[in-house]
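Chemist: Any chance you could fold what I've pasted below:
(one chain, ligands or ions: 2)
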Amino acid sequence: MTHIAKRSIPVSLNGNRSYSIVVGSDLFSNLATFLWTNSLGKTLVVFTHPNLKYLYGENLASKLKKSGFNVSFFEIPEGEGSKNLTQVSALLDKLLDLKLERQDTLLALGGGVIGDLTGFVASIYLRGINFVQVPTTLLAQVDASIGGKTGVNHPKGKNLIGAFYQPKTVYCDFSVLKTLPQSELRSGLAEVVKYGVIRNAPLYNFIQENLIAISELKIDGHDAIWQHLISESCADKAVVVSEDERESDLRGILNFGHTIGHGIEAECGYGGRLHGECVAVGMIAATYIAIKMNLCAQSLLESLKETLDALGFDLYFKGVDSDAVFEAMRLDKKVKSGKLRFVLPTRMGAVVIRDNVPDDLVKEAIAVVIGE
Ligand SMILES: NC(=O)c1ccc[n+]([C@@H]2O[C@H](COP(=O)([O-])OP(=O)(O)OC[C@H]3O[C@@H](n4cnc5c(N)ncnc54)[C@H](O)[C@@H]3O)[C@@H](O)[C@H]2O)c1
Ligand SMILES: [Zn+2]
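Modeler: Ligands and ions are numbered 1, 2, ... in the order given. Got it, this is the predicted structure:
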């Protein structure tokens, strides 16, 4: 692997909570220095899955131990099923047994499940302790680890219990993505394409120019490309959350492709289709709506379809009930006073938010991407 200079991206927040996202490869050695220089305690508890402990955790821990840290692991079973209050309670018990103190640090080593769970536990243990994110999926690197949304699921819905709580830093080491299943890597790419459409036309052009290399879904040999895709995405999310931490306005643009995407994801049963796969068709459906509302040119939809197709995404889901998708969308927690909100592109790199899309047009757009 050729060595690419790491990039540091600021997330600017009020109240002394600003932090940096570091993007690069082989970053683990730098983490100890960061923890020391920022006085983040001597004791570190790593929350991770057993396979990730084996793949990366042991190596990370040995580096930290050499620098004088006490490191313990809490292993959490894989999967969305671990994001619940029972798990939170068990983790709090263990932290109390360990007598972890306020200046010590939790480290999330994993995808969005680990990140959301660790962040939430960090937000409530002793009314809030330090935590750092070491995201290991593409989705977590470009999205879930940034912005401070933490939480768990409830039987009544996903992510209903949680807190806004910011990490002290985010270390996105793209070399760990080489062990990620290709389907997960592709799924994360949907969010990267999303940043291109909503606010970063040069990133979208970069994806098009490197489409063949990216669609191989291999990290080795393409370091510069992945470094660019991830760091640009992180920079986009960082700017959006810096301006609108609690999603009163601007942060809403990050939901491009997610209004219909979430409906499809819920209807397919979480786990049936990956999140990014649903967002990909959701972006197509939203762009279709934008065209019908005379907000953007047909060519944008054609380009988006070509790009997603070349990346290996399905552009049409068969066997999904469109009425059920529409109902699932209405139940989504993001629906405000009964109105569906859509993020609609106006040209590449620019979007508007609308809550006046006629129901018939929404149903037509759903039918464009799914059908019995
Ligand atoms: N907080 C936010 O802003 C935010 C944003 C988006 C999504 N999320 C949340 O993120 C979660 C989804 O995250 P995800 O897609 O990362 O899934 P995930 O955390 O479940 O990880 C997917 C799978 O990949 C495995 N894995 C992770 N890294 C690996 C690696 N480097 N090599 C091999 N295997 C690896 C994991 O063990 C797991 O089985 C959802 O719970 C969602 O609600 C949160
Ligand atoms: Zn998403």
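Chemist: C-alpha only now, for contacts and for neighbours.
Modeler: Noted.
Chemist: Who are the packing partners of the top helix by length along the chain?
Modeler: What stands out as the longest helix in the chain, according to DSSP state H, is helix 223-243. Identification of packing neighbours for helix 223-243 by 3 or more C-alpha pairs under 8 Å, 6 or more residues apart in numbering; DSSP states H and E yields strand 7-11, strand 19-24, helix 182-199, helix 201-209.
Chemist: got the buried residues for that helix?
Modeler: Neighbour counts over helix 223-243 (16 or more other C-alpha atoms under 10 Å) mark 223, 226-243 as buried.
Chemist: With ligand 1 as the reference, name the closest of the helices and strands packed on helix 223-243.
Modeler: Checking the helices and strands packed on helix 223-243 against ligand 1 by C-alpha to the nearest ligand atom gives helix 182-199 as the closest, at 6.8 Å.
Chemist: so what strands line up beside the lengthiest strand in the chain?
Modeler: Counting residues, the longest strand found in the chain (DSSP state E) is strand 157-164. Strand 157-164 pairs in its sheet with strand 149-154 (antiparallel), by DSSP bridges.
Chemist: Save the helices and strands packed on helix 223-243 as CSV, and put in mean neighbour count too.
Modeler: Converted to CSV, the helices and strands packed on helix 223-243 look like this (neighbours: other C-alpha atoms under 10 Å):
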stretch, mean neighbour count
strand 7-11, 18
strand 19-24, 22
helix 182-199, 23
helix 201-209, 17
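Chemist: could you dump these to TSV with distance to ligand 1?
Modeler: Shown next, in TSV, are those (distance: least, C-alpha to the nearest ligand atom, whole Å):
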stretch	distance to ligand 1
strand 7-11	14
strand 19-24	14
helix 182-199	7
helix 201-209	20
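Chemist: Determine which of the ones you listed approaches D359 most closely.
Modeler: Judged by C-alpha to C-alpha, the one of those that comes nearest to D359 is helix 182-199, at 23.3 Å.
Chemist: That closest one packs against which elements?
Modeler: Partner elements for helix 182-199 (3+ C-alpha pairs under 8 Å, 6+ apart): helix 138-139, helix 201-209, helix 223-243, helix 275-292, strand 342-347, strand 350-354.
Chemist: how about a markdown table for these, with mean pLDDT added?
Modeler: Below are these laid out as a markdown table (pLDDT from 0 to 100):
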| stretch | mean pLDDT |
| --- | --- |
| helix 138-139 | 98 |
| helix 201-209 | 98 |
| helix 223-243 | 97 |
| helix 275-292 | 98 |
| strand 342-347 | 98 |
| strand 350-354 | 97 |
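Chemist: got these as JSON lines, with distance to L254 columns?
Modeler: Output for those, formatted as JSON lines (distance: least, C-alpha to C-alpha, whole Å):
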{"stretch": "helix 138-139", "distance to L254": "13"}
{"stretch": "helix 201-209", "distance to L254": "15"}
{"stretch": "helix 223-243", "distance to L254": "8"}
{"stretch": "helix 275-292", "distance to L254": "11"}
{"stretch": "strand 342-347", "distance to L254": "8"}
{"stretch": "strand 350-354", "distance to L254": "10"}
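Chemist: Tell me the residues of the stretch 51-200 of the chain that contact ligand 1?
Modeler: The stretch 51-200 of the chain comes close to ligand 1 at residues 78-80, 110-114, 116, 136-137, 139-140, 143-144, 149-150, 176-177, 179-180, as judged by C-alpha under 6 Å from any ligand atom.
Chemist: Of those, which belong to helices?
Modeler: Secondary structure assignment by DSSP H places 112-114, 116, 139 of these in helices.
Chemist: Between those, which sits nearest T43?
Modeler: Of all these, I114 has the smallest distance to T43: 19.0 Å, by C-alpha to C-alpha.
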